[in-house]
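Novice: Quick one: sequence plus predicted model below, questions after.
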Amino acid sequence: MSDFDSRQGHFYANNAIRHWVNTRHAPHDGAFKKAFEADKEDGLPAIQIDPCEGQLLKLLLTMIHATHVVEVGTLAGYSTIAIAMALPPQGQLFSIEADPHHAEIAKRNIHDANLACDVHILCGTGLQTLPTLESKGPFDAMFIDADKIGYVDYGAWGAKHIKQGGLLIADNVYLFGKLLDDSPEATTMRQFHEDTTNAFDTTCIPTPDGLLLGIKR
């Protein structure tokens with residue numbers, strides 16, 4: 001059964017429902033599955049996106065015929081592979097990962113995935129690495145799933161370097177349920193929400209921790 005939140009008056013999905021839906025709409029195997037299970041296989045944090053969120057990334061990028069994409073936050077390469085699967089052979093994906101160990105695991109998984117497009121894993125912080133990509137733009141899309149305190153800066157970069165009609169997508173914009181807290185991180189995340197509305201037509205998809213979607217004006 002689904003659970004019922006009497007305070008909000010609506011049903012929401014429990015873990016069993018989410019698992020059933022993921023296996024039907026977002027199945028994966030091989031290197032894709034290995035990247036998703038990197039917390040068990042490689043000891044990485046279990047913070048990768050949900051399978052249906054990965055499928056959503058793939059579908060959105062396919063719909064806009066994306067060819068050039070930037071990702072901030074690679075981890076083990078799960079979202080990276082999902083994005084790359086939407087790109088044509090001439091496509092390019094630049095994914096930024098601050099942790100060298102995570103970057104090496106991602107490179108292995110991406111190599112094993114035998115993707116058609118070019119995928120570049122760039123080891124460094126988002127603030128250090130994004131300026132080096134400016135000559136590659138404008139970009140069709142940007143996906144942000146990295147240090148939350150940096151979202152304002154990443155979003156500002158995206159507003160300048162995503163083409164008109166391109167997508168800005170950001171995960172964890174509910175800040176793990178702490179978006180309205182009185183903390184520097186929450187204040188910064190709220191500012192990210194506000195700032196994106198200046199350059200993008202936006203919505204916030206109610207995934208488990210919120211997925212912001214914006215179309216560049």
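Specialist: Yep, that arrived. Remember, predicted model here, so these are calculated numbers, not experimental data.
Novice: From now on I want contacts and neighbour counts done on CA atoms only, so please keep to that.
Specialist: Fine.
Novice: which residues of this protein fall in strands?
Specialist: Ranges of strands within the chain are 3-5, 10-12, 68-72, 92-97, 118-123, 139-144, 162-171, 200-205, 211-216, based on DSSP state E.
Novice: right, and residue 174 touches residue 205 too?
Specialist: No. Using CA atoms under 8 Å, residue 174 makes no contact with residue 205, being 10.2 Å away.
Novice: more neighbours, those two?
Specialist: residue 174 (21 against 13; other CA atoms under 10 Å).
Novice: tell me the contacts of that one?
Specialist: Taking CA atoms under 8 Å, 6 or more residues apart in numbering, we find residue 174 in contact with 209-210.
Novice: gap between it and residue 206?
Specialist: When CA to CA, to the nearest Å is the yardstick, residue 174 and residue 206 sit 9 Å from each other.
Novice: Same question for residue 64.
Specialist: When CA to CA is applied, the distance between residue 64 and residue 206 equals 22 Å.
Novice: neighbour-wise, which of those two wins?
Specialist: Regarding residue 64 and residue 206, a neighbour count based on other CA under 10 Å identifies residue 64 as having more, with 14 against 11.
Novice: Can you give me the pLDDT of that one?
Specialist: According to the prediction, residue 64 has pLDDT 97.
Novice: residues in contact with it?
Specialist: Contacts here follow CA under 8 Å, 6+ apart; on that basis residue 64 touches residue 166.
Novice: what residue ranges in the chain score low on pLDDT?
Specialist: Of all residues in the chain, those with pLDDT under 70 make up the ranges 1-12, 31-32, 34, 36, 38, 40, 42-46.
Novice: That one: helices as residue ranges?
Specialist: Shown for the chain, the helices assigned by DSSP state H span residues 15-25, 30-36, 38-41, 51-63, 78-84, 100-113, 126-129, 151-161, 184-199.
Novice: Any idea how many residues pack against residue 119?
Specialist: 20.
Novice: any idea how far residue 93 is from it?
Specialist: 5 Å.
Novice: Give me the common contacts of those two.
Specialist: What both residue 119 and residue 93 touch, as defined by CA under 8 Å, 6+ apart, is the set residue 84.
Novice: Chain neighbours aside, what residue packs nearest to residue 53?
Specialist: Leaving out its chain neighbours, the residue that sits closest to residue 53 by CA to CA, 6 or more residues apart in numbering is residue 207, at 7.9 Å.
Novice: how close does the one you found get to residue 87?
Specialist: From residue 207 across to residue 87, the span is 24 Å (CA to CA).
Novice: Looking at these two now, which is surrounded by more residues?
Specialist: When residue 207 is set against residue 87 and neighbours are counted by other CA under 10 Å, the residue ahead is residue 87, at 23 against 15.
Novice: residues touching the nearest residue in space to the more buried one that is not next to it in sequence, list them.
Specialist: Nearest residue to residue 87 in three dimensions, chain neighbours excluded: residue 67, at 5.5 Å (CA to CA, 6+ apart). Residue 67 sits next to 87-88, 90-93, 140 when contact means CA under 8 Å, 6+ apart.
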